[in-house]
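Visitor: whatever this is, show me its structure:
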Amino acid sequence: MKNPEVELKLPVIPDIELTATKTAEVISKHMSLSEEKTGEISMAIIESCINAFEHSKTKEIYIHFIVSDDKLTVKVIDHGKGFDKSKVEIPNIENKLKSERKRGWGLQLVAELMDTVEYDSDESGTTVTMTKKKEGNE
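Guide: Numbering: from 1, shown residues only. Okay, here's the model as predicted:
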């Protein structure tokens, strides 16, 4: 199968996002992605799942993996309360390092790990669409 699509439906239970990273590893191998790219995809998925679990008040999330010739697209979808990306503060690194609360890097981290990231969010939920290009297409 040249361009498979995989869909996961994950309930909000501790560490369930690791199911998605295992799936990402299998798909990355199928696409012959490097270990580094595979790790970046997995970290971006974990961050996106944690954001959905912590902020959306949803009971489950959906993860879609869409393989194409030149890239992997990953969609993390929740049917939670949504958010306004423009109101999310990018943490100040100096203050963050001094504070006890080391969280709050999710959006920034995902943007740095993936080639493209788009957020589509309203009161019916949020879809994070992330892509990672294959080698040779950078």
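
Visitor: center of the chain, which residue is that?
Guide: The structure's the chain has its C-alpha centroid closest to Ile45; by C-alpha atoms, centre = their mean the separation is 3.2 Å.

Visitor: how about the residue nearest to it when sequence neighbours are not counted, what does it touch?
Guide: In space, and not counting its chain neighbours, Ile45 is closest to Ala20: 4.9 Å by C-beta to C-beta, 6 or more residues apart in numbering. Every C-beta, even on glycine, is put in place using the N, C-alpha and C of the backbone. Ala20 is in contact with Leu8, Leu10, Ile45, Ile46, Cys49, Ile63, counting by C-beta atoms under 8 Å, 6 or more residues apart in numbering.

Visitor: contacts only, for the first one.
Guide: Going by C-beta under 8 Å, 6+ apart, Leu8 touches Thr19, Ala20, Thr23, Tyr62, Ile63, His64.

Visitor: same question for the fourth one.
Guide: By C-beta under 8 Å, 6+ apart, the residues touching Ile46 are Glu17, Leu18, Ala20, Thr21.

Visitor: mind doing that once more with 7 Å?
Guide: Glu17, Thr21 (C-beta atoms under 7 Å, 6 or more residues apart in numbering).

Visitor: Three-state assignment for it, please.
Guide: Counting by DSSP: H, G, I helix; E, B strand; the rest coil, the backbone at Ile46 sits in helix.

Visitor: how close does it sit to Asp84?
Guide: Distance check for Ile46 against Asp84: by C-beta to C-beta, to the nearest Å, it reads 23 Å.

Visitor: and if you look at the third one?
Guide: Counting by C-beta to C-beta, the gap from Ile45 to Asp84 is 23 Å.

Visitor: please report phi then psi for Asp115.
Guide: Phi and psi for Asp115, reported as degrees, to the nearest 10, are phi -80, psi -40.

Visitor: hmm, I typed the wrong one, I wanted Lys57.
Guide: Per degrees, to the nearest 10, the backbone of Lys57 is at phi 60, psi 30.
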